[in-house]
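Student: Below are the sequence and a predicted model for it; my questions follow.
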Amino acid sequence: MKAETLDKTNRFREKALARGVPSTEVERWLEAARPCATLAATVDGPVVGHFGGPNLLPAGASRLPAGLHLIAMLNLAALPDDATTLALPPDGRLLFFARLHPDDLDASGRVMYVPVGTPLEEESRDDGHDRAELRLKYDFSLPDNEVLIDPAKHPHAGELRQAWSEVLYEEGHHRDETHLQIDGYSRDSYGEDDPITASAAMAAVRAGKPEGRRASPWARPRPDDWALLAQWYGGVMDFGGMNAGGDVFWTIARKDVEARRFDQVTVLGCFEGP
């Protein structure tokens, strides 16, 4: 375990025990921890890509629809294999695009995989997000959505989730600074539904199939399980004159990551109105 994740684990354990949670339940909760990579300009790790800037597209690609902006470019060769559980390509680049929808406080978008050696061209637009370096921090996440947790099996789930919130609050970049999370659990301001679970259900509806068995945080991931490819917290954003804070989620089936079918991504948004 990396030093930074060991410290975070110990802080969570201390806070949970201080709330009266039995040690066996704390350790059981930690068994559900999933590694992830937190990428931000404010951390000290190596540069693995960048936020924002002009839209980038593979040479010769069609122009993007209006309103779709480059959120981040990830250099996969710079992302260590052990930073996530996803079977990402060893090289090339991932381009994350999103569009915000003021009418229903939602988002849409896409992901493009650009193989190594493919040149990128800039689209000349001046309404995108400011460019900033993406630096890597080894991290982990814990389940923090009600739909994932059976209260009969985890009677102290409320205390455990509160302890986790306190740990995250201590890390200033988590909600105060724009950042990208690769892999791990999704997290939003409400903590009720789960965008990963919702994406799996939507995919089943599109395929005309019944929703499969929900992936348990304590079960070994399966190829058909959906995963968090990335979650972006962009700070308070302007929705046509109305300010709202929230997140954009790019989710995908694990088997599609391995097959490099990034066109199968589902993009969702969760925003808080004023």
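Tutor: Here it is on my side, so go on. All values derive from a computational prediction rather than experimental measurement.
Student: any chance you could map the helices in the stretch 1-150 of the chain?
Tutor: 3-18, 23-30 (DSSP state H, counting those that start in this stretch).
Student: counting contacts, what elements does the shortest one pack onto?
Tutor: If contacts are counted by 3 or more Cβ pairs under 8 Å, 6 or more residues apart in numbering; DSSP states H and E, helix 23-30 sits against helix 3-18, helix 157-170. Yep, even glycine has a C-beta here, placed from its N, CA and C like the rest.
Student: Recalculate using a threshold of 6 Å.
Tutor: Contact partners of helix 23-30 among helices and strands, from 3 or more Cβ pairs under 6 Å, 6 or more residues apart in numbering; DSSP states H and E: none.
Student: Show the average pLDDT along it.
Tutor: In this model, helix 23-30 carries a mean pLDDT of 97.
Student: before we move on, what about the longest one?
Tutor: Throughout helix 3-18, pLDDT has a mean value of 93.
Student: And the helices of the stretch 1-150 of the chain: which comes nearest Leu100?
Tutor: helix 3-18 (30.8 Å; Cβ to Cβ).
Student: Can you give the distance from that closest one to the centre of its chain?
Tutor: Taking Cα atoms, centre = their mean, to the nearest Å, one finds helix 3-18 lying 22 Å from the centre of the chain it belongs to.
Student: Same question for stretch 83-103.
Tutor: Its chain's C-alpha centre lies 9 Å from the corresponding centre of stretch 83-103 when counted by Cα atoms, centre = their mean.
Student: Quick check: buried residues in it?
Tutor: For stretch 83-103, the neighbour count (16 or more other Cβ atoms under 10 Å) marks 83-84, 86-89, 92-100 as buried.
Student: same deal with stretch 17-32?
Tutor: So, applying 16+ other Cβ under 10 Å, buried residues of stretch 17-32: 21, 25-26, 29, 32.
Student: from the middle of its chain, how far away would that stretch be?
Tutor: 25 Å.
Student: Need the contact partners of that stretch.
Tutor: 13, 16, 143, 156, 159-160, 163, 217-218 (Cβ atoms under 6 Å, 6 or more residues apart in numbering).
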